[in-house]
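In: I would like the atomic coordinates for the input below:
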Amino acid sequence: MDAARPDHRHEAAAPVTVLPERVALFVTLGRPKFLFQSMLVTGAGVAVAVHTGVRFGAGAYALTLGFAWCTHLMTHYCNEYFDLEADRANRTPTSWTGGSRILVRGLLPPVAGLGAAFVLLFTALVLIAVMPGTADRLVAVAITALAWFYTAPPLRLNYHALGEVTCATVLYALGPVLAHRLQGGGMPPALWACVGVLFALQVLRCLIMNLSDIAGDQEVGKRTGAGALGRRGVAHVYGAGQVGVHLAIAAMTAAHVLPAAVGIALFVLLPVPGWVGRQLYGAAPKDQRRADAVAFWASMHMPLTSCALMAGLTADGLLHHRPASTGWLAVQTVTIAVFTIWLWRTARVPKHDRPHTVPDTAAQDTATP
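Out: Below you'll find the predicted structure:
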């Protein structure tokens, strides 16, 4: 990485005392820019339910999204507190990895992260209590527990090479399953196919997100899956994994487990992981600017995949004269539109570094809301 980058263990700064600035820092501490991940994967789970003929329930969707955002933010605040030692040791953070740097720089006290995490934990428990079915509540409890112990003791799953699988299980496996169930859907093959694709791609994405943190993590005894594999190992696993996932998508599409429109939509995104994979074998791990771009596009591949699933399922419904309800079409359209606008404004990688499927833009960085 960039040898000239300052040692972030010495980023101490005077705590901010002006209330509006403290509020802004507190919001940034939670890294809300990642909430698009949980919003869109919730939409993917609902889209599968609607595609199978389930009537869209706006109340159930609101409950699912509220719970997803609550547990997602809880995880971020929890990580900021329990990962503080590792973040301080990290000399090569990117805009998308290594935490918010708010606690590292001393701009807020560490207890701010822990306090917020507990408030969000209790809020999640309240939302679980109002879920209609016992099975639904059990899925939600599993999501909450795994999210909390991702970095919190005694399990600290991301410290024992289990973080990547845990994150994928919580956000991109159990998340869409819960969204589907709360809509009243069963467990059709299409749901398992979509969840399998999302889960596998998220494991690969999490390896990339931990890649820039390896040196700092090793310094404090944190062993992630990326750290266990090493940089070259991550590149090999990511490349082989993407090939395997897309072969599986082709097979499931040919077997009519996935609708053809969904398979096509997923393959349209192939240049994104293809570009990321090429960078992993090139200069990206040693170049800070490219490392930031790799983390960004590896991360954005997941909400783009959720968008592709929703669009493909909607298109398949229209082709077979089973259009989704007006309410769901409106929610889905607004969701995808908001994400698209945000992505357009946030993407700040130079033109020659961008995958071809991503719109060209010269907009300024708005990564920190």
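In: make it CA atoms for all contacts and neighbour counts henceforth
Out: Fine.
In: Verify the stated contact: Ala261 with Leu319.
Out: No: Ala261 is not in contact with Leu319 according to Cα atoms under 8 Å; the separation is 9.3 Å.
In: For those two, indicate the residue with more neighbours.
Out: Per other Cα atoms under 10 Å, whichever of Ala261 and Leu319 has more neighbours is Ala261, with 19 against 11.
In: from memory Val245 sits against Leu198, does it?
Out: No: under the criterion of Cα under 8 Å, Val245 is not in contact with Leu198, lying 9.5 Å apart.
In: Same drill for those two, tell me which one is more crowded.
Out: Ranked by neighbour count (other Cα under 10 Å), Val245 and Leu198 place Leu198 first, with 25 against 16.
In: Surely the more buried one forms part of a strand?
Out: No: counting by DSSP: H, G, I helix; E, B strand; the rest coil, Leu198 is not part of a strand but helix.
In: can you pull the contacts of it?
Out: Going by Cα atoms under 8 Å, 6 or more residues apart in numbering, Leu198 touches 168, 172-173, 302, 305-306.
In: Mind checking which of those are in helices?
Out: Among those, DSSP state H puts 168, 302, 305-306 in helices.
In: Reformat the contacts of Leu198 as CSV; add neighbour count and distance to Pro189.
Out: Converted to CSV, the contacts of Leu198 look like this (neighbours: other Cα atoms under 10 Å; distance: Cα to Cα, whole Å):
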residue, neighbour count, distance to Pro189
Ala168, 22, 19
Tyr172, 29, 16
Ala173, 25, 14
Met302, 22, 21
Thr305, 25, 18
Ser306, 27, 17
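In: Serialize those to TSV and add fields for pLDDT and distance to Gly115.
Out: Converted to TSV, those look like this (pLDDT from 0 to 100; distance: Cα to Cα, whole Å):
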residue	pLDDT	distance to Gly115
Ala168	98	25
Tyr172	98	26
Ala173	97	28
Met302	98	29
Thr305	98	33
Ser306	98	32
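In: Include distance to Val237 when you put those into JSON lines, please.
Out: Below are these laid out as JSON lines (distance: Cα to Cα, whole Å):
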{"residue": "Ala168", "distance to Val237": "16"}
{"residue": "Tyr172", "distance to Val237": "19"}
{"residue": "Ala173", "distance to Val237": "20"}
{"residue": "Met302", "distance to Val237": "17"}
{"residue": "Thr305", "distance to Val237": "19"}
{"residue": "Ser306", "distance to Val237": "22"}
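In: With respect to Thr97, which of those is nearest?
Out: Thr97 lies nearest to Met302 out of the contacts of Leu198, by Cα to Cα, at 15.6 Å.
In: Would you agree Trp148 is in contact with His76?
Out: No: when contacts are counted by Cα under 8 Å, Trp148 is not listed as touching His76 (9.5 Å).
In: can you give me the strands for the stretch 251-369 of the chain?
Out: For the stretch 251-369 of the chain, applying DSSP state E, counting those that start in this stretch gives no strands.
In: how far away is the residue at the greatest distance from the centre of the chain from His51?
Out: Most distant from the centre of the chain: His321, at 33.0 Å, with distances by Cα atoms, centre = their mean. Per Cα to Cα, to the nearest Å, His321 is found 11 Å from His51.
In: which residues do these two both contact?
Out: Counting by Cα under 8 Å, 6+ apart, His321 and His51 have no shared contacts at all.
In: which residues touch the host helix or strand of Ala49?
Out: According to DSSP states H and E, Ala49 maps onto helix 35-51. Outside helix 35-51, the residues that touch it by Cα under 8 Å, 6+ apart are 56, 61, 64-65, 68-69, 72-73, 171-172, 175-180, 183-186, 190-191, 302-303, 306-307, 309-310, 313-314, 317, 322, 324, 332, 335-336, 339.
In: make it 6 Å
Out: 176, 179-180, 185, 303, 306, 310 (Cα atoms under 6 Å, 6 or more residues apart in numbering).
In: out of those residues, who has the most neighbours?
Out: Pro176 (31 neighbours).
In: ranges for the helices of the stretch 101-250 of the chain?
Out: Counting by DSSP state H, counting those that start in this stretch, the stretch 101-250 of the chain has helices at residues 111-129, 134-148, 163-169, 175-182, 189-211, 214-219, 225-254.
In: Give me the helices and strands touching the shortest one, please.
Out: The reference is to helix 214-219. Helices and strands touching helix 214-219, by 3 or more Cα pairs under 6 Å, 6 or more residues apart in numbering; DSSP states H and E, are helix 84-89.
In: Take the helix it packs on, keep the C-alpha atoms, and write them as CSV.
Out: Presented in CSV, the C-alpha positions along helix 84-89 are these (Å, rounded to 0.1, in the frame of the first residue of the first chain):
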residue,chain,number,x,y,z
LEU,A,84,-11.3,0.3,17.5
GLU,A,85,-7.9,-1.3,18.2
ALA,A,86,-7.8,-2.8,14.7
ASP,A,87,-8.8,0.5,13.1
ARG,A,88,-6.1,2.3,15.0
ALA,A,89,-3.5,-0.2,13.7
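In: For that helix, give the mean pLDDT please.
Out: Across helix 84-89, the average pLDDT comes to 96.
In: what's the answer for stretch 50-66, then?
Out: Averaged over stretch 50-66, pLDDT sits at 96.
In: for that stretch, the distance to its chain's centre please.
Out: Mean C-alpha position of stretch 50-66 versus that of the full chain (Cα atoms, centre = their mean, to the nearest Å) differs by 21 Å.
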